[in-house]
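Participant: mind looking at a prediction? Sequence and model below.
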Amino acid sequence: MTMDTPAQDRDAIRDAARKFVRERAPVAHFRALRDAGDALGYSRDLWREMAGLGFAGMTLPERFGGGGMGVAEQGAVLEELGRNLVPTPSLAAALGAGALAIGGADDITSAILPRVCAGESVVALAHEEGHRFAPYVVATSAVREGDGFVLRGEKSFVIDGQGADALVVAARTSGAAGQREGITLFLVTSGTPGVSTQRLDLVDSRNVARVRLDSVRVRDRDRVGRLDGGADVLDAVVVRGTAVLAAEMLGGQQEVFDRTIGYLKTRKQFGVYIGSFQALKHRAAWMFCELALTRSVVLEALQAIDAGRRDAGALASAAKARASETYLLVANEGVQMHGGIGVTDELDIGLYLKRARVAGETLGGAAYHVDRFASLEGY
Amino acid sequence: MESRADEFRAGVRLWLEQSCPASMRAPAGDAEDGVWGGTKSPPVDPDARTWLDRMAARGWTAPSWPREYGGGGLSDAEARILREEMRQLGCRPPLKSLGLWMLGPALLGYGTEEQKREHLPKITRGEVRWCQGYSEPEAGSDLASLRTRAVLDGDAYVVNGRKMWTSHAHLADWMFCLVRTDPDAPKHQGVSFLLVDMSSPGVAVRPIRLISGASPFCETTFDDVRVPARNLVGEPNRGWEVAKVVLEHERALISDMRDQRSSEGDALQDLARAYGVVGDAVLRDRIARLNLDLLAYRLTVARAREVSGGRPGPETSVLKLYGTEVSKRRHELMISIAGYRGLGWSGESFSASELSRTRAWLRSRASSIEGGSSEIQLNIIAKRVLGLPD
């Protein structure tokens, strides 16, 4: 349980993030990394600077140099980053480092997490194996050998996996792929023999990697969480990651919407502003409604998680389902309403459309989360 | 140490527990059920009468109105606590009334001292029922083109014309309405806001039968009706300003009623279970998406209340629009879930709840038309919230 941060503190954090992004990382920053084909897809220097403002370890415990704050604060920061498409390993901090903070052995966490909070180290979560999100479909095996385990398998979609200093790997110690029980998490530092990483080149140019584990040896004390009970840790960080990703997507769709409304007010055709056409007005007004509703669910999900409420999981799924659908709606409409210029690489709108697609699928698309929402509600 | 708010809350809870009759703590059947007051439709249920009188004596039928006009004089924070405690105990609203929801706020903002003292206390006690006279046969969505004329003749206005969709005019004692007082002015100017006693000579009311079979709306005609000039609210020819305040409250209200109605009704998944179709993948998907949107909508209503402090602005158009559209989807889905059993009009072959669901579906079609159609709400959002050009 985290301390409840007063709303004015959250506003101060949001303002700090907004100011930093405006000055140091407008969309041009992301565009430059993309055009340069940057190996990481994000800037380590910028991340260290952000760590100096407390953004790298904001939800990690204070004894490791973190901020000890809730996801509501992290969501506020991610919303600002999302508005400007700032690429950072924030999701790794929520997922990988978050898992380590919950279930890692004390001497290991106290060695690694301070470096994560300082922006010097990235710990990613390596759990997915298929081509769509399915958290318990883990076939990677962990076979006991001596005082440790040997891991064999392949991870298909490791967020911020390229260049990560360590991975929290989900492996099966019992049961079969698809079962919740029998998953165990292990910390694997990069450079361990048998680990090979290959960056995926995705439409949004963010850092996602495929990781092969070829007879990778880990010690028993590298275990994160209980033997066979790794899903407890996995569920906790996935719910948190889902909600903060929804917050990032909220920021992105708000920005596309604002830019599109701005365009409707300045672009003239037939001698009048195109925003005077009812065909566009009504669609813009509908988007405004959909955005308002998405914002309500995202904010509620973040608060529910911080308050430890029982409906937090259902709300996180509701938030991600809506955020995925409305981001895509707003991005598609943004492209369409910009007309020809909307499909050019020069205009930023296309970058948001690409991010909408990837973020929408990451940690489960709308279909997954609608289904999960219904299941959690008992039908 | 107990804060003042906690103390207030404890006092409210204690009083509600002692004062709200048990039968008034169960949800009412339909959003249009309940006590609407007035001389033509007084409460028939003695518990409802008691509950109304007790609440009115405290001024809590209009919690935030000033005490001298029959209100409770509560701050926004206190009024919220009262609302929360009533919800907690499941207390029904003691009184439903256009006077409380729509005319009251307009009179508090624009009425003379005499008008406030004459009308507001009777509204809070449920003694007088009000109806709204806005739309006309030729003035629907284009409300400002209304043509009902009011001509000053000595100390009275002489009113001639026809009002449409006057909800429950046959049960109302008074009407607040828009009349044209200057036919030469641009259409938004030259309109005045007038209070009319429905028992005045020359007023005739005819209920209109709807597709649901019910007649909640009426047509009201005025034939040389004399209305005292002191019944004009605000400045002559400046009635549009007053009307806008009323309309914003109406939108908040319509969306609020959808909100209550949906939280009172059966959960769709339970209905699907009862009809044996919860395993139907397509229906389950539609139910889940609808529940998700309803959840998002309710959270938005709560957030809007927090942000606006209870004063509706153009943003209420978002709630009116979404609230009615999602409610229509909900009613349609209920009919789909019930299959043939959702199609009965009357008779023993269908259960009472099946028949009322069918009628409610038909009634729900009007929700996105009354109080400004969905298309009008979209126009308002585009213009007044997003600032898109004309």
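Facilitator: Cool, got the structure.
Participant: could you use CA atoms for every contact and neighbour count after this?
Facilitator: Fine.
Participant: hey, where'd the strands end up in the stretch 151-300 of chain B?
Facilitator: Secondary structure of the stretch 151-300 of chain B (DSSP state E, counting those that start in this stretch): strands at B:156-167, B:174-180, B:191-197, B:203-208, B:217-228, B:232-233.
Participant: and of these, who's closest to chain A?
Facilitator: strand B:156-167 (25.7 Å; Cα to the nearest Cα).
Participant: most residues in a single helix of the chain, which one?
Facilitator: No chain was given, so I picked chain A. Among the elements of chain A assigned as helix by DSSP state H, the one spanning the most residues is helix A:230-266.
Participant: um, chain B though
Facilitator: Taking DSSP H as the criterion, chain B has its longest helix at helix B:281-308.
Participant: what's the next secondary structure element after it?
Facilitator: The helix or strand immediately downstream of helix B:281-308 is helix B:316-338, counting by DSSP states H and E.
Participant: does that following helix reach chain A?
Facilitator: Yes: legend: contact between helix B:316-338 and chain A by Cα under 8 Å from any Cα of the partner chain is shown at B:Val318, B:Tyr322.
Participant: returning to that earlier point: give the other helices and strands that the longest helix of chain A contacts.
Facilitator: Counting contacts by 3 or more Cα pairs under 8 Å, 6 or more residues apart in numbering or on different chains; DSSP states H and E, helix A:230-266 packs against helix A:71-83, helix A:98-103, strand A:183-189, strand A:272-273, helix A:278-306, helix A:312-338, helix A:349-361.
Participant: show me how far the second one is from its chain's centre.
Facilitator: Translated: helix A:98-103. In terms of Cα atoms, centre = their mean, to the nearest Å, the centre of helix A:98-103 is set 16 Å apart from its chain centre.
Participant: again with stretch B:41-58
Facilitator: Distance, centroid of stretch B:41-58 to centroid of chain: 19 Å (Cα atoms, centre = their mean).
Participant: so which bits of it are buried?
Facilitator: Within stretch B:41-58, the residues that count as buried by 16 or more other Cα atoms under 10 Å in any protein chain shown are B:Ser41, B:Pro42, B:Pro43, B:Ala48, B:Arg49, B:Thr50, B:Trp51, B:Leu52, B:Asp53, B:Arg54, B:Met55, B:Ala56.
Participant: around chain A, which positions in the stretch 251-390 of chain B sit nearby?
Facilitator: So the stretch 251-390 of chain B meets chain A at B:269, B:278, B:284-285, B:288-289, B:292-293, B:295-297, B:299-300, B:303, B:318, B:322, B:375, B:378-379, B:381-382, B:386, B:388-390 (Cα under 8 Å from any Cα).
Participant: 7 Å instead, please
Facilitator: B:269, B:288-289, B:292, B:296-297, B:299-300, B:318, B:378-379, B:381-382, B:388-390 (Cα under 7 Å from any Cα of the partner chain).
Participant: filter those down to the buried ones, PyMOL style.
Facilitator: Buried subset of these, written as a PyMOL selection, criterion 16+ other Cα under 10 Å:
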select buried, chain B and resi 269+288+289+292+296+297+299+300+318+378+379+381+382+388+389
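Participant: how about the strands of the stretch 151-300 of chain B in CSV, adding mean pLDDT and distance to A:Gly57?
Facilitator: CSV is the format used below for the strands of the stretch 151-300 of chain B (pLDDT from 0 to 100; distance: least, Cα to Cα, whole Å):
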stretch, mean pLDDT, distance to A:Gly57
strand B:156-167, 95, 58
strand B:174-180, 97, 60
strand B:191-197, 97, 60
strand B:203-208, 95, 65
strand B:217-228, 97, 60
strand B:232-233, 97, 60
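Participant: looking at these, which is nearest to A:Ala247?
Facilitator: The closest of the strands of the stretch 151-300 of chain B to A:Ala247 is strand B:156-167. By Cα to Cα, the value is 43.2 Å.
Participant: next, the angle helix B:316-338 makes with the helix or strand hosting B:Thr358.
Facilitator: Secondary structure assignment for B:Thr358, by DSSP H and E: helix B:352-364. Between helix B:352-364 and helix B:316-338, the angle comes out at 140 degrees (axes from the mean of the first three to the mean of the last three Cα atoms, to 10 degrees).
Participant: buried set for helix B:352-364?
Facilitator: Buried, per 16+ other Cα under 10 Å, within helix B:352-364: B:Glu354, B:Leu355, B:Ser356, B:Arg357, B:Thr358, B:Arg359, B:Ala360, B:Trp361, B:Leu362, B:Arg363, B:Ser364.
Participant: and that helix, what other elements does it pack with?
Facilitator: helix B:316-338 (3 or more Cα pairs under 7 Å, 6 or more residues apart in numbering or on different chains; DSSP states H and E).
Participant: what sits up against the helix it packs on?
Facilitator: A:289, B:248, B:251-252, B:254-255, B:258, B:268, B:272, B:275, B:294, B:301, B:342, B:358, B:361, B:364-365, B:367-368, B:374, B:377, B:381 (Cα atoms under 7 Å, 6 or more residues apart in numbering or on different chains).
Participant: any idea how many residues pack against the nearest residue to A:Arg226 once chain neighbours are set aside?
Facilitator: Closest residue to A:Arg226 apart from its sequence neighbours, by Cα to Cα, 6 or more residues apart in numbering or on different chains: A:Thr184 at 6.9 Å. Other residues near A:Thr184 come to 27 when the count uses other Cα atoms under 10 Å in any protein chain shown.
Participant: dig out what A:Thr184 forms beta bridges with.
Facilitator: A:Ala171 (DSSP bridges).
Participant: ok, now how distant is the most far-flung residue of chain A relative to its centre from chain B?
Facilitator: Centroid-distance maximum for chain A: A:Gly271 at 43.9 Å, with Cα atoms, centre = their mean. With distances taken as Cα to the nearest Cα, to the nearest Å, A:Gly271 is found 13 Å from chain B.
Participant: returning to what we had before: contacting residues around the helix holding B:Thr358?
Facilitator: Residues outside helix B:352-364 that contact it (Cα under 7 Å, 6+ apart) are B:Ile211, B:Ser212, B:Lys328, B:His331, B:Glu332, B:Ile335, B:Arg341, B:Gly342, B:Leu343, B:Gly344, B:Trp345, B:Ser346.
Participant: got JSON lines for the residues you listed, with pLDDT too?
Facilitator: Below are these laid out as JSON lines (pLDDT from 0 to 100):
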{"residue": "B:Ile211", "pLDDT": "93"}
{"residue": "B:Ser212", "pLDDT": "90"}
{"residue": "B:Lys328", "pLDDT": "95"}
{"residue": "B:His331", "pLDDT": "95"}
{"residue": "B:Glu332", "pLDDT": "96"}
{"residue": "B:Ile335", "pLDDT": "96"}
{"residue": "B:Arg341", "pLDDT": "96"}
{"residue": "B:Gly342", "pLDDT": "95"}
{"residue": "B:Leu343", "pLDDT": "96"}
{"residue": "B:Gly344", "pLDDT": "96"}
{"residue": "B:Trp345", "pLDDT": "96"}
{"residue": "B:Ser346", "pLDDT": "95"}
